[in-house]
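1. Predicted model and sequence below, questions to follow.
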Amino acid sequence: MDKIFRYLYYAVLTLFVGGVIYLTTMLFLAPRQDVYDRGFIVCTRELVNNLSGCERGKMGCPLKFLWRDMKCNAGIIYTGAADWLKGKQKTPWANYLFEPQLTAPEDQEIYQSNALNDMMDIEYQNQLFEQKNQELEEAKQRMINPDKDVLLYNPDNAAPAAVLPNPTEQKDLEADKGDIADEADITMTPPENPETSEAVAPQNKDLLQEIKKQTEDKLRKGN
């Protein structure tokens, strides 16, 4: 009876050690990147997320998640063996030992198109940035060294404003102009009788000289 328990004990221990060695070997050979997250990738990702939340110095938290990760990996191996027995896959390790797919075939063209559009967008943004930068530099240069052809306003060179006359003097000048106009209208009227035009002409000449003299006197007084 003791021999039976001893053999049973060694058999269980051999299976456990063999399982740990097999699991370690499969984890080492299994791919770590895959578009479809097949194999042990899901278990490894969950282990990393759980270990990141553990506090430093506490051994219970990492051991708990390591044990959970071992059960997850063992479940992957068990699922592969069960699918192999059911005929769903050709080998027991086909679900965790496979050729990794980094880009899905049906999404490869879309991925390339999106990458090309992103590169064109980045190139356009760079060109726009360089153009704006060049315009800014030109504006700075214009502020530092203005164009020689541009005439800047200088108060010293500005044309003097027109000097307006005194309102009183302006009224006197307007009155003088009115008098001169009236006198000119009276004196410059042609004679109605052509026969007496020769006699009237000298009188008109003397009258014009007198009007001219009076006008000069008034303008002198106005000035």
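-> Great, that's in hand.
2. measure residue 93 to residue 69 for me?
-> Distance check for residue 93 against residue 69: by CB to CB, to the nearest Å, it reads 19 Å. For the C-beta atoms, the positions are set from N, CA and C on the backbone; glycine is no exception.
3. now residue 34
-> 18 Å.
4. Just want to know which of those two has more residues nearby.
-> Each of residue 34 and residue 69 has its neighbours counted (other CB atoms under 10 Å); residue 69 has more, 19 against 15.
5. Which is the succeeding secondary structure element to the host helix or strand of residue 65?
-> Secondary structure from DSSP states H and E places residue 65 in helix 60-86. Under the assignment DSSP H and E, the closest C-terminal helix or strand after helix 60-86 is helix 105-144.
6. I'd like the average pLDDT over that next one.
-> The average pLDDT within helix 105-144 is 75.
7. Which residue ranges make up each domain of this structure?
-> 2-86, 103-158, 167-222 (automatic domain parsing).
8. Pull the residues that contact stretch 58-65.
-> For stretch 58-65, the surrounding residues in contact (CB atoms under 8 Å, 6 or more residues apart in numbering) are 47, 50, 51, 53, 54, 55.
9. Among the residues you listed, which are located in helices?
-> 47, 50, 51 (DSSP state H).
10. Quick one: find the helix or strand in this protein with the lowest mean pLDDT.
-> Across the helices and strands of the chain, mean pLDDT, DSSP states H and E gives its lowest value to helix 167-187, namely a mean of 52.
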